[in-house]
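next input, structure requested:
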Amino acid sequence: MAEQVSPTRSTLLAKRDQKRLALQGVDLLKNKRDALIGEFFALVQDSLKAREALNSAAKDAYFSLLIAKAFDTPEAVESLSGTPIDVHMEVESLYGVKVPKISAPSSDGSLAFSPIGVGAKTLEAATAFRRLAEAIIAVANTENRLRKIGEEIKKTNRRVNALEQISIPEINEQIKFVTDTLDQRALEEVTTLKRIKAAILRREAEETGEVSAHIEKGAGL
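Model (predicted):
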């Protein structure tokens, strides 16, 4: 049931303006939603590629680890397990949506140093695991962005539906109520004016008749 409003011309103008703004809001939200959907599907492709790269990097890393364990001592292999990797995070604005961007410094995956007492196979394994870490970060970045954009698409859809299915129909009902009331008042005013005019004409006719009768009576005398 639409909210009851005062049936005045100023209310009618205000409600028509409110409807115009609501329709503009729907158009803007739909444009935003369409742009986000396009970005979402583009990211889906990036996410699939990142997943494939992750699977490949994982296979390479664990195979390299097995080779390293076969050629080097456990101590040498474990000595590189704590090699740090920098991770950067920033927030981007995508069509008004705050989306985090996770990245690692671009590199070929190689280590920046060559520890003494560590064999070549272990270094290769450490490099492979660095590439694996970078692949994990890439997957985390794309999938987190997908989640954020997907949530915003749902949120925008809810706002569009609320406007189209609730707010605008309520405004239309209010406009109809005010318009019908004003039309009814105008009709009543016209009817009242017609009655007043008819009464005046009757009164004038009666007065004219009385005057004529009086004149005729006077002439007869």
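
what residue ranges in the protein score low on pLDDT?
With pLDDT under 70 as the threshold, the chain has low-confidence stretches at 1-3, 82-83, 106-117, 209-221.

where along it do the helices fall?
9-71, 74-78, 120-162, 168-220 (DSSP state H).

and the nearest residue to T181 once chain neighbours are set aside, what does it touch?
Distances taken as C-beta to C-beta, 6 or more residues apart in numbering place P7 nearest to T181, at 3.7 Å, with adjacent residues excluded. C-beta: built from backbone N, CA, C; applies to glycine. Counting by C-beta atoms under 8 Å, 6 or more residues apart in numbering, P7 makes contact with 177-178, 181-182, 185.

ok, these vs R20, which is closest?
Of all those, V178 has the smallest distance to R20: 15.5 Å, by C-beta to C-beta.

check whether that closest one really touches Q4, as I assumed.
No. The pair V178 / Q4 is not scored as a contact, 10.5 Å apart, by C-beta atoms under 8 Å.

out of the two, which sits in the busier spot?
Using other C-beta atoms under 10 Å, the more surrounded residue of V178 and Q4 is V178, with 22 against 8.

T192 versus the more buried one, what's the distance?
Separation of V178 from T192 (C-beta to C-beta, to the nearest Å) stands at 21 Å.

now the residue nearest to the spatial centre of the chain, nearest residue through space, not along the chain?
In the chain, the centroid-proximal residue (C-alpha atoms, centre = their mean) is T156; its distance is 2.6 Å. Distances taken as C-beta to C-beta, 6+ apart place R33 nearest to T156, at 4.5 Å, with adjacent residues excluded.

pretty sure that neighbour contacts V160?
Yes. At 6.8 Å, R33 counts as touching V160 under the criterion of C-beta under 8 Å.
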